[in-house]
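**Student:** no letters, just coordinates:
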């Protein structure tokens with residue numbers, strides 16, 4: 001069973017031809033190089049992770065060290081930030097990989113933390129991950145959603161001056177796997 005899932009992940013990584021991988025909700029307390037080789041092509045050889053708490057959460061960022069040097073900038077309950085330098089042209093940027101809580105109180109704590117990030121304008125910054133929040137009622141396939149959370153999330157995004165990068169390939173990123181399914185877009189890229 002695990003081998004089949006690992007092969008699907010490895011195939012998707014190869015298909016995208018990516019150089020950095022960000023996974024959320026890993027549900028793992030630890031990673032090592034041997035485990036990563038189960039699902040990553042060989043040239044993905046560096047990583048940083050935030051362990052899960054019990055059976056939920058956890059993030060990992062994995063990259064090709066022959067293309068980038070990476071250093072952990074910070075880590076907290078919501079994710080990790082990596083400072084990357086290109087081995088090709090010495091360009092630098094920060095990549096923040098997020099896994100936000102799903103409880104109402106946890107979402108409010110996350111939004112408060114998010115809106116208070118002070119990233120200098122001159123820093124190239126990518127903020128990506130599973131935010132567990134929607135930006136509009138259209139980010140669901142059925143009526144519902146917490147309008148206050150939507151407002152607070154959009155207010156945080158606006159106050160930070162970040163720009164959403166469009167999602168490619170599908171409209172929704174999460175399902176409750178019930179019949180009929182609830183579909184939502186909970187993954188965001190800024």
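**Tutor:** Ah, there it is. Given the structure is predicted, the values throughout are model-derived calculations rather than measurements.

**Student:** distance of the residue nearest the centre of the chain from residue 43?
**Tutor:** Nearest to the mean C-alpha position of the chain, by CA atoms, centre = their mean, lies residue 129 at 2.1 Å. Residue 129 is 23 Å from residue 43, where distance means CB to CB, to the nearest Å. Every C-beta, even on glycine, is put in place using the N, C-alpha and C of the backbone.

**Student:** and if you look at residue 116?
**Tutor:** Residue 116 sits 37 Å away from residue 43, taking CB to CB as the criterion.

**Student:** give the contact list for residue 22.
**Tutor:** Residues near residue 22 by CB atoms under 8 Å, 6 or more residues apart in numbering: 59, 60, 61, 95, 97, 128, 129.

**Student:** show me the strands in this structure, by range?
**Tutor:** 20-24, 46-50, 59-63, 68-76, 79-86, 92-99, 125-130, 174-175, 183-184, 187-189 (DSSP state E).

**Student:** wait, which of those is closest to residue 160?
**Tutor:** For those, the distance to residue 160 is smallest for strand 125-130, at 8.4 Å, taking CB to CB.

**Student:** is the residue nearest to the centre of the chain in contact with residue 110, as I believe?
**Tutor:** No - look at residue 129 against residue 110 with CB atoms under 8 Å: they stay out of range, at 10.8 Å.

**Student:** what touches both of those two?
**Tutor:** residue 100.
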